[in-house]
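Chemist: Need a 3D model of the sequence below.
(chains A, B, C and D)
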Number of protein chains: 4
Amino acid sequence: MRVGIIGASGYVGGELLRILLNHKDVVVTFATSKQYKYEPIHRVHPNLRSVSDLKFSEPNLDKMTSGCDFVFVAAPHGSAVKYVPSLLESGLRIVDMSADFRLKDPQAYVHWYRLNHPNPELLKVATFGVPEIYSQEIKGARLVSNPGCMAITSILAIAPFAKSGVIDLEHIVVDAKIGSSGGGTKPTMGTHHSERYGVVRPYKPVDHRHTAEIEQEVSRLAGREVRISMTPHAVNIVRGILCTVHCFTERKLESAEVWRILRSFYQNAPFVRFVKDKKGLSRYPDPKILSGSNFCDIGFELDERLNRLLLLSSTDNLVKGAAGNGVQCMNLMLGYDERSGLEFPGLHPI
Amino acid sequence: MRVGIIGASGYVGGELLRILLNHKDVVVTFATSKQYKYEPIHRVHPNLRSVSDLKFSEPNLDKMTSGCDFVFVAAPHGSAVKYVPSLLESGLRIVDMSADFRLKDPQAYVHWYRLNHPNPELLKVATFGVPEIYSQEIKGARLVSNPGCMAITSILAIAPFAKSGVIDLEHIVVDAKIGSSGGGTKPTMGTHHSERYGVVRPYKPVDHRHTAEIEQEVSRLAGREVRISMTPHAVNIVRGILCTVHCFTERKLESAEVWRILRSFYQNAPFVRFVKDKKGLSRYPDPKILSGSNFCDIGFELDERLNRLLLLSSTDNLVKGAAGNGVQCMNLMLGYDERSGLEFPGLHPI
Amino acid sequence: MRVGIIGASGYVGGELLRILLNHKDVVVTFATSKQYKYEPIHRVHPNLRSVSDLKFSEPNLDKMTSGCDFVFVAAPHGSAVKYVPSLLESGLRIVDMSADFRLKDPQAYVHWYRLNHPNPELLKVATFGVPEIYSQEIKGARLVSNPGCMAITSILAIAPFAKSGVIDLEHIVVDAKIGSSGGGTKPTMGTHHSERYGVVRPYKPVDHRHTAEIEQEVSRLAGREVRISMTPHAVNIVRGILCTVHCFTERKLESAEVWRILRSFYQNAPFVRFVKDKKGLSRYPDPKILSGSNFCDIGFELDERLNRLLLLSSTDNLVKGAAGNGVQCMNLMLGYDERSGLEFPGLHPI
Amino acid sequence: MRVGIIGASGYVGGELLRILLNHKDVVVTFATSKQYKYEPIHRVHPNLRSVSDLKFSEPNLDKMTSGCDFVFVAAPHGSAVKYVPSLLESGLRIVDMSADFRLKDPQAYVHWYRLNHPNPELLKVATFGVPEIYSQEIKGARLVSNPGCMAITSILAIAPFAKSGVIDLEHIVVDAKIGSSGGGTKPTMGTHHSERYGVVRPYKPVDHRHTAEIEQEVSRLAGREVRISMTPHAVNIVRGILCTVHCFTERKLESAEVWRILRSFYQNAPFVRFVKDKKGLSRYPDPKILSGSNFCDIGFELDERLNRLLLLSSTDNLVKGAAGNGVQCMNLMLGYDERSGLEFPGLHPI
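Modeler: So this is what the prediction gives:
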């Protein structure tokens, strides 16, 4: 299968390249970048030196259409929407990594992205790319919209409990901690090493855009409109997300019931691991050990004094939070083993 | 004024030494350490090399009593309680850095510390050392019990709002992020650099002991029993705490009202700064710039979609979260300028 | 092929497990650990959770001998030497990760390790495991002794020039920078996160033991005894080594000549990459992008003012500096593709 | 004394502000910044929030001349040279933090800075600001040129030995490790947190400009022309420099002789500390504990096998490597206690 990547010089593009160049069922036929066209990919993604001779090419619609059978769009928000309709029309199947097709409600784009969506009809066509929830839909999809990194990490923690109805839907608090790679490749004062190193810095602590995706999915599972209190923080790592989801329960929950809810929701989810141990350092999810892996680690704790259910979920924001999840969707769309190309287990220590 | 430090080889002891050796109104007459007795203090606190010739001495009750007029007890929890009664009896005034006199209710020690408190009568004598709340009491106190680092950071954020009655007291969530120095000097697998570097690691995510202090103080200010959902996380820094306090409000709050509540509560608090800016990187509190300083930075954000009030507070866990706050209490107890010895503003960048 | 690992709970053991569990030609039949026997390996190596159900077993010589056809010994220095003779006698082929068989001269063990080597005759049997130099010998070896991490990184930089005779052998300075994982898993005050974070700390700045291996190999290639000035520094990373090798040349060298020397020495070395670019961030070797990969990146610069040749080489100390190189040796010994199991290219950014 | 700062929004300017705002003998009357004019200084230097109400002003030569009695020029290289002549003419005394007056030989500016120096006559007027060497000259100077951060750190290590004549002047290797703040405030891809975090990255490994200053001073002390092999590396810290100076000696040196050379050279140097201990973590200089302090820590080790003398020196690149040293020079020029304003001892742990 010939696969192309549009927008391949960003961090998500780099991870798509790393994974797909090692994927036994596909061949990467092109990787576009306006800024770095004609440069070898290893000049931007130095880990790929000697791994591939590929060079970045200019994004040309005709060449892209004819040059591949499947395409990843890793262009910025607001830019993907310009490519996707034509690519779809040409019969290509697509995973779009941007936010441009994540929300079902066109009005939501006005509120969260200040965007009058130019192709509202495609919002229905797009499948929201959470394989743990939409596996069947993804298999038949022509266009999969890959979720935001903090969105998928939060959704995977909350979904089982939103569906089971055991949590207080009025007071769900997501406190997220995320590494610098989530902000992309553009240098700014806020990402300058001297300014960014060692921070615990709230950013967009209310109204972060990933909130919209979490609310959309949690509402659907709960069968009613749910609002989420989400606050991200930049911390001193490059990769990784931990979402601490503070929930309250209507009644006292037992640990066994929580386990039952989790196990039944995730019985066929090869990339969800439950991390809750009695001893050892890795009793809870921690992004430290997830770099490069496609796992989403989920744990929990019950607070008996307060009818509180604490959920913890962790991913590598560039893998399960982006490129790896996109490849997982592609695997489903193309009928491959869901795990193909995603075998790397992560490193310890790191 | 002759000041002694009991238990001076830990990180809090080291910061007490750094601050007090530069304090114009006091002389440090001894610093005890069983483990490092007779060694120069700079062998353990290398920043003090050439700053002082002091050596650690053995803790001997007679010598300590006669050798100083004021004493800091920086011994571990459960150990301070052995020294404090005799020291008090000898007429010394004391700031105790341990948890042994923080809680007013002897039963609470059984629950949180598995300790039958041997001197419950002293729990009434001890003043809880938050100068921003108990300034008058501290001035006359013989024994001040310095709060836990995450406790004081949380309390300073919540107190104005608990008192004003505008927040929903049933759903206060404190999500804390803290550096490794908060765990003390003892090497373990969990603090081993290869294991601790780069983590975002929940620890004691329910039932952390500092919760008891926060509940005690918030309940007092609110005039009713309040329970707090507190979850700390170890992050990849050495010093610093950020407490993200997620609150819900009974009704829609305006920004001006929040400002009024904060300003009126902290009108005479030289170490509380309000950090809420329209632009610049430092729009919110961030422990990055607080290392070595005694400030507690407080900020907030209103979430109009949810009647949510987000409070942010940050300290250096070893300074305003420990040694600096202790010296601030000493200054009040001894009639000095509250700010003496605490002038260092912190570094940027760092 | 059934492969066993003796001493599998350390960091090198963990990387051997990660690599070998994904190696298509081998099956890991046991992994011993006295300290963690009967525990699942993922309790110690959390990245392997859900990847394998293996449990640590006790080291029992009979079981080990019968349970595998090839064995990695990842026991500490001075301990490996107790296992290796019996294992060899039983016909097993061995890669020993310790220092116990690296030096050819028994007297050198007395000087560098204060050890009267109990099996000096085996020092001749052992092949020093640098595939880029001893590929033929390794193919036929029964016992390969894997080099020290700073040793192999230094040797790969110096070897081509020691052989070609263009550098001043009296003034070779190796200034090494290394992450904390090089020190192993034992928590000490020196590895305590609060003490180890942010350091640039010389350790064993003269007489570091890896010096002996570098001198042995450089002397052999140069055809005369050479002494090396080596000084390691602990820096604020977990994985990775950069060796900066400061050399002087007898005469003015041209860049083309340096390239020729490098290319001719490494014409069949799949894991040596030359990193010397005119632009881009990755103009020189940097361990940042090597985590998890088996590459040794080598670069250089000529200083025209001084007849100085600056060599730069970088590895992941746990992979090309340990486990990955060991597997590369195993591949050669067993006639597999040299690259099997070592395909992971490393991550960017990280 | 009224003191002004030209170019106060950079990192050196920020440290000058921090130190001078707390200096008992001076008042900061202005701090210029084209980019941030009229903004409060705490928007750029957030540690100074509530410490000072000063705002940045535009650089206006008349106002600057009349507004102060002493001025620090912290403008970029090539820009300082435009201000200094007029400021000097107006009778102001000056510490210039740039490189524009560091080299004595106008030709050297052509080689190292590609600059035809517009005021070569001022190169003789300027005193090179190393108080440990030029204390008398600085006291009488009208213009002091503050050294480069890696230059002063290297010079303080090498100077005693260059003067005493015990080292081989043909083979002095300086291997420097430095934090990101040394590169200033301008965001680039190379300083982007995701790219800069965790590196051990050689930069300008030959021909770094600070080499020129080291050679100038070492040559003067040695009484002959000396060339230095200097290679800097970016490491994963914000502040701090460690210079590892690899020297060879003509004959076997004894430790006592090294001590004698150091002690005699630095008998009146309050900010030079000797760090060479038999035990403890702080046996050698380490920038970790120097953040914010004006100390230069110097240590050494003798390598008996090689007639090698290893020198180690460490500073905070923004303090003893820049602003602190500049204030130390000002103190000497104005007849104040050399240590005024520079009492902060640094933090541990950090």
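Chemist: got the contact list for the residue in chain A sticking out farthest from the centre?
Modeler: In chain A, the residue that sits farthest from the middle, by C-alpha atoms, centre = their mean, is A:Arg305; the gap is 34.1 Å. Residues near A:Arg305 by C-beta atoms under 8 Å, 6 or more residues apart in numbering or on different chains: B:Val206, B:Asp207, B:Arg227. In this view, the C-beta of every residue, glycine as well, is placed from N, C-alpha and C.
Chemist: burial count for A:His111?
Modeler: 14 (other C-beta atoms under 10 Å in any protein chain shown).
Chemist: so what's it closest to, chain neighbours aside?
Modeler: A:Ala212 (7.7 Å; C-beta to C-beta, 6 or more residues apart in numbering or on different chains).
Chemist: Name the residues that touch the one helix or strand the one you found maps to?
Modeler: Element membership for A:Ala212 (DSSP states H and E) is helix A:210-222. Contacts with helix A:210-222, where a contact means C-beta under 8 Å, 6+ apart, come from A:102-105, A:108, A:111-112, A:128, A:130, A:133, A:147-151, A:154-155, A:158-159, A:162-163, A:165, A:169, A:172, A:174, A:225-228, A:230, A:232.
Chemist: how distant is it from the center of its chain?
Modeler: Between the centre of helix A:210-222 and the centre of its chain there are 14 Å (C-alpha atoms, centre = their mean, to the nearest Å).
Chemist: when you scan the next helix-or-strand element following it, is anything in it near chain B?
Modeler: Remark: after helix A:210-222, the chain's next helix or strand is strand A:228-235, criterion DSSP H and E. Yes. Applying C-beta under 8 Å from any C-beta of the partner chain, one finds strand A:228-235 in contact with chain B at A:Ser229, A:Thr231, A:His233, A:Val235.
Chemist: Quick one: end-to-end distance for stretch A:326-346.
Modeler: 18 Å (C-alpha to C-alpha, to the nearest Å).
Chemist: Only the buried residues of it, if you could.
Modeler: Buried residues in stretch A:326-346, counted by 16 or more other C-beta atoms under 10 Å in any protein chain shown: A:326-334, A:336, A:338, A:340-342, A:344-346.
Chemist: One more: stretch A:276-288?
Modeler: Buried residues in stretch A:276-288 (16+ other C-beta under 10 Å): A:Lys276, A:Asp277, A:Leu281, A:Ser282, A:Arg283, A:Tyr284, A:Pro285, A:Asp286, A:Pro287, A:Lys288.
Chemist: all helices of the stretch 151-300 of chain A, in order?
Modeler: A:193-196, A:210-222, A:255-265 (DSSP state H, counting those that start in this stretch).
Chemist: TSV for the ones you listed, including mean neighbour count, distance to A:Lys63 and mean pLDDT?
Modeler: Formatted as TSV, these follow (neighbours: other C-beta atoms under 10 Å in any protein chain shown; distance: least, C-beta to C-beta, whole Å; pLDDT from 0 to 100):
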stretch	mean neighbour count	distance to A:Lys63	mean pLDDT
helix A:193-196	27	38	98
helix A:210-222	22	32	98
helix A:255-265	15	43	98
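Chemist: between these, which gets nearest to C:Leu310?
Modeler: Nearest to C:Leu310 among the helices of the stretch 151-300 of chain A is helix A:193-196 (24.4 Å), distances taken as C-beta to C-beta.
Chemist: and for the closest one, what are the contacting residues?
Modeler: Contacts of helix A:193-196 (C-beta under 8 Å, 6+ apart): A:180, A:189-190, A:234, A:236, B:281, B:349, D:11, D:179-181, D:183, D:185, D:191-193, D:196-197, D:238.
Chemist: cool, stretch A:274-287 as well?
Modeler: A:179, A:237, A:239-242, A:259, A:262-263, A:266, A:289, A:297-301, A:312-316, B:189-190, B:195, B:199-202, B:205, C:42-44, C:46, C:49.
Chemist: Write the ChimeraX selection for whichever of those are buried.
Modeler: Only the buried entries of these go into this ChimeraX selection, using 16+ other C-beta under 10 Å:
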select /A:179,237,239,240,241,242,262,266,289,297,298,299,300,301,312,313,314,315,316 /B:190,195,199,200,201,202,205 /C:42,43,44,46,49
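Chemist: any idea how far A:Leu103 is from A:His111?
Modeler: 9 Å (C-beta to C-beta, to the nearest Å).
Chemist: lowest-pLDDT helix or strand in chain A?
Modeler: Ranking every helix and strand in chain A by mean pLDDT, DSSP states H and E puts helix A:61-67 at the bottom, with a mean of 93.
Chemist: Secondary structure element for the closest residue to chain B within the stretch 1-150 of chain A, which one?
Modeler: Nearest residue of the stretch 1-150 of chain A to chain B (C-beta to the nearest C-beta) works out as A:His111 at 9.6 Å. Assessed by DSSP H and E, A:His111 sits inside helix A:106-113.
Chemist: Quick one: mean pLDDT over that helix.
Modeler: Average pLDDT, helix A:106-113: 96.
Chemist: counting contacts, what elements does that helix pack onto?
Modeler: If you count contacts as 3 or more C-beta pairs under 8 Å, 6 or more residues apart in numbering or on different chains; DSSP states H and E, helix A:106-113 packs onto helix A:210-222.
Chemist: the strands in chain A, which residues?
Modeler: Assignment of strands within chain A using DSSP state E yields the ranges A:2-6, A:27-31, A:70-73, A:93-96, A:127-128, A:143-145, A:172-178, A:200-202, A:228-235, A:241-248, A:272-274, A:296-303, A:308-315.
Chemist: got a markdown table for these, with mean pLDDT too?
Modeler: Listed next are the strands of chain A as a markdown table, based on pLDDT from 0 to 100:
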| stretch | mean pLDDT |
| --- | --- |
| strand A:2-6 | 98 |
| strand A:27-31 | 98 |
| strand A:70-73 | 98 |
| strand A:93-96 | 98 |
| strand A:127-128 | 98 |
| strand A:143-145 | 98 |
| strand A:172-178 | 98 |
| strand A:200-202 | 98 |
| strand A:228-235 | 98 |
| strand A:241-248 | 98 |
| strand A:272-274 | 98 |
| strand A:296-303 | 98 |
| strand A:308-315 | 98 |
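Chemist: Show me what from the stretch 201-350 of chain A comes close to chain D.
Modeler: Going by C-beta under 8 Å from any C-beta, the residues of the stretch 201-350 of chain A near chain D are A:Asn236, A:Ile237, A:Val238.
Chemist: Among those, which ones lie close to chain B?
Modeler: A:Asn236, A:Ile237.
Chemist: Residues of chain A that sit close to chain C?
Modeler: A:11, A:14, A:18, A:22, A:42-51, A:181, A:238-239, A:273, A:275, A:277, A:279-282, A:286, A:289, A:291-293, A:295, A:297, A:343-350.
Chemist: Can you get me a residue count around the closest residue to A:Ala126 other than its chain neighbours?
Modeler: In this structure, A:Ala126 finds its nearest non-sequential neighbour in A:Phe101, 3.8 Å apart by C-beta to C-beta, 6+ apart. Per other C-beta under 10 Å, the neighbour tally for A:Phe101 reads 27.
Chemist: In this structure A:Phe101 contacts A:Glu121, no?
Modeler: No. Look at A:Phe101 against A:Glu121 with C-beta atoms under 8 Å: they stay out of range, at 11.0 Å.
Chemist: what residues go with each domain of chain A?
Modeler: As assigned by automatic domain parsing, chain A contains the domains A:2-146+A:322-333, A:150-315.
Chemist: out of these, which comes closest to B:Leu87?
Modeler: domain A:150-315 (34.7 Å).
Chemist: Kindly check the end-to-end length of the closest one for me.
Modeler: Start-to-end, domain A:150-315 (C-alpha to C-alpha) is 9 Å.
Chemist: now the stretch 251-350 of chain A, which segments are flagged as low pLDDT?
Modeler: Filtered on pLDDT under 70, the stretch 251-350 of chain A yields no residues whatsoever.
Chemist: Near chain B, which residues of it are found?
Modeler: A:281, A:284-288, A:299, A:301-306, A:308, A:310, A:312, A:314, A:349-350.
Chemist: one more time with 6 Å, if that's ok
Modeler: By C-beta under 6 Å from any C-beta of the partner chain, the residues of the stretch 251-350 of chain A that approach chain B are A:Leu281, A:Tyr284, A:Asp286, A:Pro287, A:Lys288, A:Glu301, A:Asp303, A:Leu306, A:Arg308, A:Leu310, A:Leu312, A:Pro349.
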